[in-house]
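> Quick one, structure for this:
(2 chains)
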Amino acid sequence: MTVALAEGRARRPNYRNRRRWQEAAALLFAVVVLIWTLTPIYNIIAVSLEAHGDVFTNDLFPAKPSLESFWVVITQGYWYLEFFWRQFENSLYIGLATVFFTLSIGSLASFAIGRMRIRYGWVVSNAALLTYVIPASFLAIPFYRIMGFYGLSNNLWSVIAAEVTFATPYAIFIFHQYGVSIPIELDEAARIDGASPAQVYFKIYLPLMAPALVAVGTYALLLAWNEYLYQFLLLSSKKSMTVPVALAQFLNSDEAPWNYMMATAIVYALPPVAIYYAFRGRMTAGLTMGGVKG
Amino acid sequence: MADVQALRTADPFSHLRLAAAPKPRSAWRLGLQGSEFTWAIAFIIPYAGLFVAFVAYPVLYGLWLGRDPALYFELMSEPIYQRTVVNTILYLGIGVNLKMFGALMMSGFFMRRGWWVKGLLLIYVLPWAVPALPSFISIHWMLNGQWGLINNAIWAFFGIDGPGWLETSRWLALGSVIASHIWKWMPFWTVILLAGRMAIPQELYEAAEMDGATGIKRFTHVSFPLLANLYLVCTLLSTLFTLGDFNSVYFVSGGGPALSTHVLATLGIRDAFEVARPELGVAVVMSALPLMIPLVILLMRKLHTTEVSL
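Model prediction:
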């Protein structure tokens, strides 16, 4: 007994020391992670704050930081940025339409499969699963051709169709999972009261699915905002293209104006970052609450 | 470790499941009747239409475009294509595994308590929240041999000239692309694996500690066996996503120097649109099918049997 006590006393400071070392190592590791994560983002900000001539210098920090390039972007004061706000509007339009159609098509399908248990519903969910695992870029070439057949080339709706196609499978899964936590008795009661399937869908299903709708909506918006390839292939005129396509066009010009590009990039990146952090809690909640059964 | 076995079968990831296990009853229990069946059909038609018009048709059309065997013989004899295949394998083999293993380790790190760990997590997910294109363009410029931030920093700290990351050597450029891909996507998988770790009941760790499993043992005997399935599914999914990753390669290295760092996804687009030979582009993409089909089958099976998904 006394031996054990003595041993315990002798070991305690040692243990505390080890804890301190571990904490220090963790902090050091955190600093490495911070540098790794923030360097490219720091680079965007630093370059955007530089004056036009200062980009081609060897400074680590902008010598004379100024907001001039942001002003140029906002006022469209450079020939490449001629239609910046128009292009931003296009991005926004595509993003919002993608959210709307992903949510409506996805929730209708998962209602029919998961709640109404339509026969052969599993075929549809397997088709969705298959779409989810096919890389979108692999379908780009035939997709481009087919948009020509449909008469949709250089049309925002062709991009919306592409984004919705690749966002809906994920929506169907999340809705299906989340729907399980909503008691089916609600549907039964409504049905006995004479509600039609459409009424059950609008009055019971959709309101109760709100958290999942927010989660998937955020996902669809970020997907459309992140996507480049389809927007690049399907939109060709300056007035119909989106911000990422215009941004990539800068790259091909002889003397790329890096400070304007980075300022454009920041303006473009702000909405999704803000939305992501605003809905972060809901997003994870929406994705994890599906299994919490009452 | 009998407890762990029992728990593994009891499925600790119930909160991560999509098609949750208990067979949901339907309010329309005795089958759909009359107009209800019409309603159900009407509800499913938008997705069915979307699938036929924008998935099935392009897939079949793509198969038809790439039907000529001569295209594949042409590709085989092309040095650019051969290099591209090697790049793709390296990109997947190194990129995916480093990323997933890193994510597994990082998710363990973020299980630590303390306010600064939570703060760090918020910053750590930033690459995922920032749209791909701005960050990749920024990385492209950052790695510029003459004016980029990295070489400026190397000069400032060590007084030597850094290499031309993207301009001179294939391996440096490919390494840069892989690092950029990891930078962008590791946070996402960390968050997923973190959710998986949080689902492991705390009592299990307490019991394991009683039995003397701490430190590394705790990881190898408790955390990892429980996470293994999720980890496998995530790795498979990530492999497929990475195979289709166009943005990292296209914007960081652009396939350069001298077309030496293309992967199948970018070479396909180049052949179809820059070289203006869509059939050849489709053939490039189709040549990934021998790798893709087993992956897809394995993944679909895993998703069905374990019902672990994202």
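> can you list the weak-confidence ranges in the stretch 51-200 of chain B?
Scanning the stretch 51-200 of chain B for pLDDT under 70 picks out no residues.
> In it, what residue comes closest to chain A?
Of all residues in the stretch 51-200 of chain B, the one sitting closest to chain A is B:Pro134 (3.3 Å; CB to the nearest CB). Just so you know, the C-beta spots here come from the backbone N, C-alpha and C atoms, and that holds for glycine as well.
> That residue reaches A:Leu270, doesn't it?
No - look at B:Pro134 against A:Leu270 with CB atoms under 8 Å: they stay out of range, at 10.3 Å.
> Tell me which of the two has more neighbours.
Comparing B:Pro134 with A:Leu270 by other CB atoms under 10 Å in any protein chain shown, the one with more neighbours is B:Pro134, at 24 against 12.
> ok now do A:Gly121, which residues does it touch?
A:Ala112, A:Ile113, A:Gly114, B:Ile44 (CB atoms under 8 Å, 6 or more residues apart in numbering or on different chains).
> can you rerun that using 7 Å?
Taking CB atoms under 7 Å, 6 or more residues apart in numbering or on different chains, we find A:Gly121 in contact with A:Ala112, A:Ile113.
> if I look at it, how far off is A:Ile172?
In this view, A:Gly121 and A:Ile172 are 10 Å apart by CB to CB, to the nearest Å.
> quick one: the helices in the stretch 1-150 of chain A?
A:2-48, A:68-74, A:84-110, A:121-133, A:140-149 (DSSP state H, counting those that start in this stretch).
> Quick check, the residue in chain B closest to chain A?
Counting by CB to the nearest CB, chain B gets nearest chain A through B:Gly244, at 2.0 Å.
> I'd like to check which residues are in contact with the closest residue to that residue other than its chain neighbours.
Using CB to CB, 6 or more residues apart in numbering or on different chains and skipping the chain neighbours, the partner closest in space to B:Gly244 is A:Pro135 (2.0 Å). Counting by CB under 7 Å, 6+ apart, A:Pro135 touches B:Leu240, B:Phe241, B:Leu243, B:Gly244, B:Ala265.
> still on that earlier bit, identify the residue nearest the residue of the stretch 51-200 of chain B closest to chain A in space, chain neighbours excluded?
Leaving aside its sequence neighbours, B:Pro134 sits nearest to A:Ala265 (CB to CB, 6+ apart; 3.3 Å).
> The helix or strand containing the one you found - what's its average pLDDT?
Per DSSP states H and E: A:Ala265 is located in helix A:258-288. Average pLDDT, helix A:258-288: 81.
> now the angle between helix A:2-48 and that helix, please.
Helix A:258-288 and helix A:2-48 meet at an angle of 140 degrees, taking axes from the mean of the first three to the mean of the last three CA atoms, to 10 degrees as the criterion.
> what residues go with each domain of the chain?
If you meant another chain, say so; for now it's chain A. Per the record, chain A has its domains at A:2-72, A:77-291, by automatic domain parsing.
> Oops, wrong one, chain B.
As assigned by automatic domain parsing, chain B contains the domains B:33-65, B:69-306.
> And the residue of chain A found nearest chain B, how far from B:Leu243?
As assessed by CB to the nearest CB, chain B sits closest to A:Pro135 within chain A, at 2.0 Å. From A:Pro135 across to B:Leu243, the span is 6 Å (CB to CB).
> Identify the contacts common to those two.
Residues touching both A:Pro135 and B:Leu243 (CB under 7 Å, 6+ apart): B:Ala265.
> Within the helices and strands, which one has B:Leu232?
For B:Leu232, the host element (DSSP H and E) is helix B:224-243.
> Taking their axis directions, that helix and helix A:121-133 sit at what angle?
Here the directions of helix B:224-243 and helix A:121-133 differ by 70 degrees (the same axes, to 10 degrees).
> what residues are up against residue 259?
All of this refers to chain A. Under the criterion of CB under 7 Å, 6+ apart, the neighbours of A:Asn259 are A:Val47, A:Ser48, A:Glu50, A:His52, A:Val55, A:Ser69.
> I was after chain B.
Going by CB under 7 Å, 6+ apart, B:Leu259 touches B:Ile80.
> Tell me the spacing between it and B:Thr168.
Taking CB to CB, one finds B:Leu259 at 15 Å from B:Thr168.
> Stretch B:221-235: which residues count as buried?
B:Val222, B:Ser223, B:Leu226, B:Leu227, B:Asn229, B:Leu230, B:Tyr231, B:Leu232, B:Val233, B:Cys234, B:Thr235 (16 or more other CB atoms under 10 Å in any protein chain shown).
> What mean pLDDT does that stretch get?
Stretch B:221-235 comes out at a mean pLDDT of 86.
> And A:Tyr64, what's its pLDDT?
If you look again at residue A:64, you'll see it is Lys, not Tyr. Per-residue pLDDT puts A:Lys64 at 77.
> quick one, phi/psi of the residue lying closest to it once chain neighbours are set aside?
Closest residue to A:Lys64 apart from its sequence neighbours, by CB to CB, 6+ apart: A:Ala51 at 6.1 Å. Per-residue torsions, A:Ala51: phi -80, psi 160 (degrees, to the nearest 10).
> list the contacts for residue 44?
In the absence of a named chain, this looks at chain A. A:Ile44 makes contact with A:Met262, A:Ala265, A:Ile266, B:Pro134, B:Ser138, according to CB under 7 Å, 6+ apart.
> should've been chain B
So B:Ile44 contacts A:Ala109, A:Ala112, A:Ile118, A:Val124 (CB under 7 Å, 6+ apart).
> B:Trp147 touches A:Phe56, doesn't it?
Yes - using CB atoms under 7 Å, B:Trp147 makes contact with A:Phe56 at a distance of 5.2 Å.
> Among these two, which residue is more densely surrounded?
Neighbour tally, B:Trp147 and A:Phe56, criterion other CB under 10 Å: the higher count belongs to B:Trp147, 16 against 12.
> follow-up on the earlier one: could you dump the helices of the stretch 1-150 of chain A to TSV with mean pLDDT and distance to B:Thr214?
What follows is the helices of the stretch 1-150 of chain A, written out as TSV (pLDDT from 0 to 100; distance: least, CB to CB, whole Å):
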stretch	mean pLDDT	distance to B:Thr214
helix A:2-48	79	12
helix A:68-74	85	53
helix A:84-110	95	44
helix A:121-133	85	39
helix A:140-149	92	50
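> and of those helices, who's closest to B:Leu65?
helix A:140-149 (6.3 Å; CB to CB).
> out of the contacts of A:Pro135, which is most surrounded?
Ranked by neighbours (other CB under 10 Å), those are led by B:Ala265, which has 29 neighbours.
> so what's it up against?
Here B:Ala265 is in contact with A:Pro135, A:Ser137, A:Phe138, B:Leu243, B:Gly244, B:Asp245, B:Phe246 (criterion: CB under 7 Å, 6+ apart).
> now do 6 Å
Residues near B:Ala265 by CB atoms under 6 Å, 6 or more residues apart in numbering or on different chains: A:Ser137, B:Gly244, B:Phe246.
> give me every residue that touches the first one.
To tie it back to what came earlier, the one meant is A:Ser137. A:Leu229, B:Gly244, B:Phe246, B:Ala265.
> Was I right to think B:Thr88 contacts B:Leu264?
Yes - with contact defined as CB atoms under 6 Å, B:Thr88 counts as touching B:Leu264 (5.0 Å).
> Please say which of the two ends up with more neighbours.
Using other CB under 10 Å as the criterion, B:Thr88 and B:Leu264 rank with B:Leu264 on top: 27 against 22.
> Spell out the secondary structure type for B:Pro163.
coil (DSSP: H, G, I helix; E, B strand; the rest coil).
> let me redo that: A:Gln177
Three-state call for A:Gln177 (three-state DSSP): helix.
> okay, now it: neighbour count?
Count around A:Gln177 with other CB under 10 Å applied: 26.
> who in the stretch 51-200 of chain B is up against chain A?
Proximity of the stretch 51-200 of chain B to chain A, by CB under 6 Å from any CB of the partner chain, involves residues B:51, B:54-55, B:58, B:61-62, B:120, B:123-124, B:129-135, B:138-139, B:141-142, B:147, B:149, B:152, B:156, B:195.
> Can you say which of these are buried?
Neighbour-count burial (16+ other CB under 10 Å) applied to those gives B:51, B:54-55, B:58, B:61-62, B:120, B:124, B:129-135, B:138-139, B:141-142, B:147, B:149, B:152, B:195.
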